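Trainee: need coordinates for the below:
(4 chains)
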There are 2 protein chains.
Amino acid sequence: MKIEGAGERNTIDRRVARTRGLLQDALIALIPEQGYAAIKVDDICQRANVGRSTFYTHYADKDALRSATIEAHLRSIGRRREAASQAAGSRLFEFSLPMFEHAHAFRPLHHALLASSGDTIHDELRERIRRAVREELVEKRIGDRGMPAEFAIQFIAGAFLAVLAWWVATDMNLSPAQADDLFQRMAGKGIEA
Amino acid sequence: MKIEGAGERNTIDRRVARTRGLLQDALIALIPEQGYAAIKVDDICQRANVGRSTFYTHYADKDALRSATIEAHLRSIGRRREAASQAAGSRLFEFSLPMFEHAHAFRPLHHALLASSGDTIHDELRERIRRAVREELVEKRIGDRGMPAEFAIQFIAGAFLAVLAWWVATDMNLSPAQADDLFQRMAGKGIEA
DNA sequence: TATCATAATGGACATAATGTCTGGAAATGC
DNA sequence: GCATTTCCAGACATTATGTCCATTATGATA
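Mentor: Numbers count the residues shown, from 1 in each chain, chains lettered A, B, ... in the order given. I've put the predicted structure just below:
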């Protein structure tokens, strides 16, 4: 049985990698079309050309597939962010630009992640953004002058996700750099209060 | 059959009102407990003490109940907003304070509406907030100086909803007036950019 | 290339939830 | 009080889920 991601043997059988990849891609492709809730396991399998019973040898259910998919892509974003973090020195919100760029490169994915048209928006993404904002704000010691820090964090994180979702959904008269610049301006002014 | 909200006869049978009220309240009560997706029609009926077949004479399915519930409460918020609109003159974002107050008075409802812990956040609410922001911004002619208006709208609306959700979830060291004040400060600064 | 271990597959199956429909009991409005 | 409307329990067909198994196909290894 031994189906596991990082256990026991360091290289993964090509077949499992292929199958999981197909399933994840199928899910991402279907979300914008039908919305997450309406998707059936069978839909995913047909789109992926994978047997339904095979699905269950890899994932317990639809939610497990979603979590794994998001998790995988968030790792990729994380790596990109680290790389950018060293390059650009002291911009206020460092997570912003790499995120816009990643969304630009993987638009269908982000469209699926953020799709406000329904039910999906995974908390994991929200939480990561909040964490990133929190780190930068405590570092800059916001909240000393009467502004509860958590309030500002929620404000900024919520604004960022909304803007990102809109930008991805309507794409894309603005370049990633332009979108980032606008966000930096509004957010920067906001936290002066 | 003639079950309809505003048709044909201006008073609604007491039983209808009672049944629908019980179902709507049950749904709102269950969302924070289980999350919208996990709720079964049967759960709602048991909580409401209403026969399952009765459910279907009023609503086509779970989503229909949710829509109706949200719709009903949004109407109530709308009325409150109109009333406040005449009183307070020229605050920047007029929707803000009435919304905080309504959330304060109907906390379980808003907790259900905004529950970031899952899947519900009805688009209707998001869209209404966006519309309110849009009206106020075009009125003030934002977007003339290089800032795309829609960007600012998404930014403000997203920030507001995030802050509201947080405030409702963690409740409530801040009074509605204080929360509103903080929001006004950050949002006001932000749109200067 | 031959061999072995592991993955993929379709089909059968039990389970659970959905949505429809019925006839009779209960309540409401007038 | 009486006609009308709603409520309800239960039966039903339908659909999706998740498990299991025997068989086939395929990648890994030597």
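
Trainee: just list the residues touching residue A:51, thanks.
Mentor: residue A:45 (C-beta atoms under 8 Å, 6 or more residues apart in numbering or on different chains). Just so you know, the C-beta spots here come from the backbone N, C-alpha and C atoms, and that holds for glycine as well.

Trainee: how close does it sit to residue A:44?
Mentor: Distance check for residue A:51 against residue A:44: by C-beta to C-beta, to the nearest Å, it reads 11 Å.

Trainee: now swap in residue A:130 and tell me
Mentor: 30 Å.

Trainee: stretch A:64-74 near chain B at all?
Mentor: No - using C-beta under 8 Å from any C-beta of the partner chain, stretch A:64-74 stays clear of chain B, coming no nearer than 11.0 Å.

Trainee: what mean pLDDT does that stretch have?
Mentor: Averaged over stretch A:64-74, pLDDT sits at 90.

Trainee: the helices in chain A, which residues?
Mentor: A:14-34, A:41-48, A:52-58, A:62-87, A:96-105, A:107-114, A:123-139, A:149-170, A:176-190 (DSSP state H).

Trainee: please identify the most buried of these.
Mentor: helix A:149-170 (a mean of 23; mean count of other C-beta atoms under 10 Å in any protein chain shown).

Trainee: for that helix, what is the average pLDDT?
Mentor: Computed over helix A:149-170, the average pLDDT equals 93.

Trainee: tell me what it is packed against?
Mentor: When contacts are defined as 3 or more C-beta pairs under 8 Å, 6 or more residues apart in numbering or on different chains; DSSP states H and E, helix A:149-170 packs onto helix A:96-105, helix A:107-114, helix A:123-139, helix A:176-190, helix B:149-170, helix B:176-190.

Trainee: now render these as CSV, adding distance to residue B:64.
Mentor: Listed next are the helices and strands packed on helix A:149-170 as CSV, based on distance: least, C-beta to C-beta, whole Å:
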stretch, distance to residue B:64
helix A:96-105, 34
helix A:107-114, 26
helix A:123-139, 26
helix A:176-190, 37
helix B:149-170, 24
helix B:176-190, 32
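
Trainee: quick check: which of those is nearest to residue B:33?
Mentor: Closest to residue B:33 of the helices and strands packed on helix A:149-170, according to C-beta to C-beta: helix B:149-170, at 14.3 Å.

Trainee: touching, residue A:183 and residue B:155? I think so.
Mentor: Yes - under the criterion of C-beta atoms under 8 Å, residue A:183 makes contact with residue B:155 at 7.4 Å.

Trainee: give me the common contacts of these two.
Mentor: In contact with both residue A:183 and residue B:155: A:159, A:163, using C-beta under 8 Å, 6+ apart.

Trainee: where in chain A is pLDDT low?
Mentor: A:1-10, A:85-90, A:115-122, A:141-146, A:171, A:193 (pLDDT under 70).

Trainee: got the residues of it near DNA strand C?
Mentor: By the rule C-beta under 7 Å from any atom of the strand, the part of chain A lying against DNA strand C is A:1-3, A:13, A:15-16, A:18-19, A:49-54, A:57-58.

Trainee: what's the closest of these to DNA strand D?
Mentor: For the residues of chain A next to DNA strand C, the minimum distance to DNA strand D (C-beta to the nearest atom of the strand) is 3.5 Å, reached by residue A:53.

Trainee: from residue A:28, how far out is the closest one?
Mentor: Counting by C-beta to C-beta, the gap from residue A:53 to residue A:28 is 22 Å.

Trainee: returning to what we had before: out of the helices and strands packed on helix A:149-170, nearest to residue B:106?
Mentor: helix B:149-170 (9.7 Å).

Trainee: what's the angle between that closest one and helix B:107-114?
Mentor: Using axes from the mean of the first three to the mean of the last three C-alpha atoms, to 10 degrees, the inter-axis angle of helix B:149-170 relative to helix B:107-114 is 130 degrees.

Trainee: now do the contacts for residue A:43.
Mentor: A:30, A:34 are the contacts of residue A:43 under C-beta under 8 Å, 6+ apart.

Trainee: try 10 Å this time
Mentor: A:26, A:27, A:30, A:33, A:34, A:62 (C-beta atoms under 10 Å, 6 or more residues apart in numbering or on different chains).

Trainee: and which of those is nearest to residue A:72?
Mentor: residue A:27 (11.4 Å).

Trainee: check the gap between the closest one and chain B for me.
Mentor: 15 Å (C-beta to the nearest C-beta, to the nearest Å).

Trainee: contacts only, for that residue.
Mentor: Contacts of residue A:27 by C-beta under 10 Å, 6+ apart are A:36, A:39, A:43-44, A:47-48, A:59, A:62, A:65-66, A:68-70, A:112.
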